[in-house]
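Engineer: sequence first, predicted coordinates after that:
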Amino acid sequence: MLRQMPNRVVVVLGISALLTVHAAGAEFLLPDTSGLSEAIGRQFVRPMLRLSDDAPVDHLYRWLKLDVDRDGYDELFIRLEGPGLCARGDCPIVGFRQIEDGSWLPIITAVGSTVAMEGEPVLVTGTGGTQAYEYDPETITLVPSNR
């Protein structure tokens with residue numbers, strides 16, 4: 001279940017990196033006509049890419065929901081893609097977690113092609129290999145794991 005999204009989220013993001021993303025067997029979803037896709041484009045993608053409110057963004061991202069901290073609420077993962085965003089098959093991936101006050105905090109910024117959740121770690125794979133991440137409740141982020 002994805003909780004209500006904020007009016008604005010601004011994330012400073014160094015952008016580099018495209019591809020197919022998997023999580024527990026599911027692929028990142030293309031934006032569609034659902035209200036959720038529209039809200040993700042409006043409230044996350046446009047601010048991250050510093051685009052105007054009327055700029056089309058459907059071709060610039062894919063999204064996926066995963067409950068990485070096992071609290072019963074999904075975190076949101078957005079893979080940015082498009083001209084100038086991706087390199088050698090990898091794209092920027094940003095994950096967000098909603099906190100108690102309703103705002104969304106970035107929990108991971110990575111560059112890769114796929115995201116998978118196999119048990120505890122979240123795995124981000126790109127042309128340079130696979131990196132495992134674990135949820136750290138102290139910092140409310142996904143941190144690199146040695147697994």
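Structural biologist: All right, it came through fine. This structure is a prediction, so every number in the text was calculated from the model and none was measured.

Engineer: alpha carbons only for contacts and neighbour counts from here, please
Structural biologist: Noted.

Engineer: what secondary structure does Val45 sit in?
Structural biologist: helix (DSSP: H, G, I helix; E, B strand; the rest coil).

Engineer: now the helices for the chain?
Structural biologist: In the chain, the segments counted as helices under DSSP state H are 35-40, 46-49.

Engineer: which of the ones you listed has the lowest mean pLDDT?
Structural biologist: Per-stretch mean pLDDT for the helices of the chain is lowest at helix 35-40 (a mean of 87).

Engineer: need the CA coordinates for that one. CSV is fine.
Structural biologist: Output of helix 35-40 as CSV, limited to C-alpha atoms (Å, rounded to 0.1, in the frame of the first residue of the first chain):
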residue,chain,number,x,y,z
GLY,A,35,-3.7,8.5,-10.9
LEU,A,36,-0.6,7.0,-9.2
SER,A,37,1.5,7.4,-12.3
GLU,A,38,0.4,11.0,-12.8
ALA,A,39,1.1,11.8,-9.1
ILE,A,40,4.6,10.3,-9.4
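
Engineer: so for it, what gets flagged as buried?
Structural biologist: Residues of helix 35-40 classed as buried by neighbour count (16 or more other C-alpha atoms under 10 Å): Ser37, Glu38, Ile40.

Engineer: so where do the strands sit in the chain?
Structural biologist: 22-23, 26-27, 61-66, 75-80, 91-98, 104-112, 114-117, 122-126, 129-136, 141-144 (DSSP state E).

Engineer: low-confidence regions, this structure specifically.
Structural biologist: Along the chain, segments meeting pLDDT under 70 span 1-27, 29-31, 33, 147.

Engineer: please redo it, this time with the cut-off set to 50
Structural biologist: Low-confidence segments of the chain, defined by pLDDT under 50: 1-26.
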